[in-house]
Structure formats: structure tokens, C-alpha cells
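1. Give the three-dimensional model of this entry:
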Amino acid sequence: MATHLGQELETYLMEGVSLWLNGNPSTPGEIVKACTIEEEGVYMRDYIHNERGHVEKLQFDLVKNI
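-> Residues are numbered from 1 along each chain as shown. Model (predicted):
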């Protein structure tokens, strides 16, 4: 995966962070593709931390343009 976002997501995945897209488990490739082709809005990141403050889940949710 040649994009900066793709490389970042691969790193999170290797660190054990689960990746989600619109409420569903996802892969770096699916997230990059969705963020690249979306014309109706943008994707907002939501970092979910555990009790020690480490990121354990990274969610991408579509925010529609009004």
C-alpha cells in the first residue's frame, strides 16, 4: 500500500489496533479506497483508547456533506 494513510493504518494493524469503517471491521485497503473515492462527504477518525491510554480501536465514519 503506497499511500501515507495506508502505511499508517498498516502500522496500527501491526500494533494490534482494530480498524473499523462505518461500524464494521475493516482493512487498511478498504479504508484507503473508501477515503479516496468518497464524493458525498469525508471520513472522520475516532481513536478509542484502553484504560492505559493506548489506542485499541480506530474507527472511520462517513460524515455527509449537507
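
2. Report the beta-bridge partners for the residue most central in space within the chain.
-> Taking C-alpha atoms, centre = their mean, the centroid of the chain lies closest to residue 60, which sits 4.4 Å from it. When assigned by DSSP bridges, residue 60 has beta-bridge partners residue 21, residue 45.

3. measure it to residue 24 for me?
-> Residue 60 sits 10 Å away from residue 24, going by C-beta to C-beta, to the nearest Å. (C-beta placed from N, C-alpha, C; glycine too.)

4. got it, and residue 5?
-> For residue 5, the distance to residue 24 equals 18 Å [C-beta to C-beta].

5. So these two - more neighbours on which side?
-> residue 5 (15 against 9; other C-beta atoms under 10 Å).

6. Would you mind pointing out the helix or strand that one falls in?
-> In this assignment (DSSP states H and E), residue 5 forms part of helix 4-14.

7. Give me the average confidence score over that helix.
-> Across helix 4-14, pLDDT averages out at 95.
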